[in-house]
Every structure is written in C-alpha cells, then in structure tokens.
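Engineer: Here is my input, please return the structure:
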Amino acid sequence: MIRWLIAVACLAAVMAVALWILTIPAAPVAAIGPHTPDLTNGSEMFYAGGCSSCHAVPRQKDPTRLGGGLALNTPFGNFYIPNISSDPKDGIGGWSEIQFITAMTKGVSPAGEHLFPAFPYTSYRNMRTDDLRDLFAYIKTLPPVAGKVRDHDLRFPFNIRRAVGLWKLLFFDSEPLKPDVSKSAQWNRGAYLVNGPGHCAECHSPRNIFGAVIASKRFTGGPSPTKHGGVPDITQNKLKSWTEQDIAGVLADGLTPDAGLVGGDMIEVVANTAKLTAADREAIAVYVKSLPPR
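Structural biologist: Residues are numbered from 1 along each chain as shown. As a prediction, this is how the structure comes out:
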C-alpha cells in the first residue's frame, strides 16, 4: 500500500511538472529590423480591427480615447477591456514594438503572462508584422488616457492565467494564414482582412464549452459578446441572395439590400468599416460571398 501511494505521488509530481512546462507562456517574438511606420496603413488596420469599438471609453463620443472599461459578460465571468491608449503608465505607450507584436500574435503580455482569449489574438496572429508595426505606431499618435481599468471578474478556475496555456495547447493555432495561390489577389486581401485584423469569426461563430470557436461552424453565427442580440450567419446559408456589391454596401453605410439597417453590435462594426478604403470593403465582400454554406 505504501509503495502504491509513493508511486501515485511520484506520478502526480511528474504530471504537475509536465503541466507547468507545457503551460509556460511563449517567448517574445524575435528581434525585428528597422521600419518606417506607414500611419495611413496603421489607420486602415485600426479601423479594420474595430479597435475603438471595444477599447474606447464607454459612453463618450470620441472613438480615439482608448481608455477601455467596456464590460464583456461571458459564461466564464466578466472581462473588462483594458486601456490601450498611448498613456505610458496606464495604456500601452510604454510598450515596445516587440511587446505589442507578442501580445497580438502570441497572447502574452509584457509581464510574460498569458492573455485571456477574450482578446482575439487567435485572429490577430494572422496579421503581418509590418501591419502590426504600423498599427502600433498609429495608436501611439492617439491621445493618452489616464486610468487603469478594473481587473477581470472571472469564476474559478477560469481566473487562473496559467490555465490559458492549456487552452492554447488545445485551441490556439499559432500558424499564420497563408495566401491561397488559386485565388485572386482581391480574394486573398479579403481573406486576410476578415481572418486577421477584422477577426470576424470571433463574433460570427458559435463556441464550444471552453470558449473556442467551433471550426466546423465558423462564420455560421453566434451570440453577441455584448448581449445585443445574436450575430448572424454570414455564409451562403444566410447571404445567398446578397451580391458582392450588397455586402460592400452594408460595410459602407449599414443599409441592407432589403432597405433595412444593421442593428446591435454591427452598428459599431459599420462605423469602422465605413472608414476603410472602398477597395478593402470590396475585397471583404468578395471573400465573404465565397464562404460556403455549412
């Protein structure tokens, strides 16, 4: 009996060490060379990503005041969107480019901790490094906003950051999106914007009990992250009667083909996509129109 207990204890110790090793946050991205920021492209990435929709201070009209504070109520508890303004103390003004890129593509904070996947780095990891550098440079041109956002209020065990390492092992694909050489440049641009900065699948997909997007049902709709109704299916199940021009038009002015208006969280999305170039809205439309029914 004593030998059996010792064996169980040894096995438990080995498993604990293995678990600790497997959940170590990823190392920062490798050193990057010199780069001249393109603020116009940084602005395009900012609006494609809808950064202000989540990170702007709630209930104020200036979308460039990225002081955070929006609450996201989820089955795991409440997430409070952080300050990402250029404030060097309370925002990300004191971050380096490498720290920003590491957070966006690996879900690891400057302190070396896992970031909760309510922050959609599962999509941002598809973004190109130069686009991330331009986005970071653009954010730093926006006004600093003082004030720390309160900590997340999550239930046990979801409040254990180290456990996010296990979630990443199961659900985080760190391999970035690759262009499809069989498709046009416009389609590939749309695929990049939708699956990278736009992170459209994060809202337009159902999730499993662990909060991960169900790959087989990607883009088939899901619950609203802010409880403003549901988020619709955007495959050809729902949009088969819509043309590419219809989709691009909705992204420009929020008017649907049947003379209706988008509602819920999509109002915020359109406020951002309306600021994209017409070429990028058209590329998104081409890609979305190609999504097969599921």
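
Engineer: list the buried ones in stretch 126-136?
Structural biologist: 126-127, 129-136 (16 or more other C-beta atoms under 10 Å). For glycine as for every other residue, the C-beta is placed from the backbone atoms N, C-alpha and C.

Engineer: and the strand or helix carrying Val269, what does it pack onto?
Structural biologist: Here Val269 is covered by helix 266-273, with elements defined by DSSP states H and E. Judged by 3 or more C-beta pairs under 8 Å, 6 or more residues apart in numbering; DSSP states H and E, the packing partners of helix 266-273 are helix 39-48, helix 51-55, helix 244-253.

Engineer: if we go to 7 Å?
Structural biologist: Here helix 266-273 is seen to pack against helix 51-55 when contacts are counted using 3 or more C-beta pairs under 7 Å, 6 or more residues apart in numbering; DSSP states H and E.

Engineer: what's the helix it packs on in contact with?
Structural biologist: The set of residues external to helix 51-55 that reach it, using C-beta atoms under 7 Å, 6 or more residues apart in numbering, is 63-64, 66, 68, 70, 81, 84, 268-269, 272.

Engineer: Would you reformat the residues you listed as a markdown table and include neighbour count and pLDDT?
Structural biologist: Supplementary listing: the contacts of helix 51-55 in a markdown table, determined by neighbours: other C-beta atoms under 10 Å; pLDDT from 0 to 100:
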| residue | neighbour count | pLDDT |
| --- | --- | --- |
| Pro63 | 20 | 89 |
| Thr64 | 15 | 92 |
| Leu66 | 27 | 95 |
| Gly68 | 23 | 93 |
| Leu70 | 18 | 92 |
| Ile81 | 22 | 95 |
| Ile84 | 27 | 96 |
| Glu268 | 18 | 88 |
| Val269 | 20 | 92 |
| Asn272 | 19 | 94 |
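
Engineer: Of the residues you listed, just say which sits nearest to Tyr121.
Structural biologist: When the contacts of helix 51-55 are compared for distance to Tyr121 (C-beta to C-beta), Ile84 wins out at 13.2 Å.

Engineer: The closest one and Gly91 touch, don't they?
Structural biologist: Yes - with contacts counted by C-beta atoms under 7 Å, Ile84 reaches Gly91, the gap being 5.8 Å.
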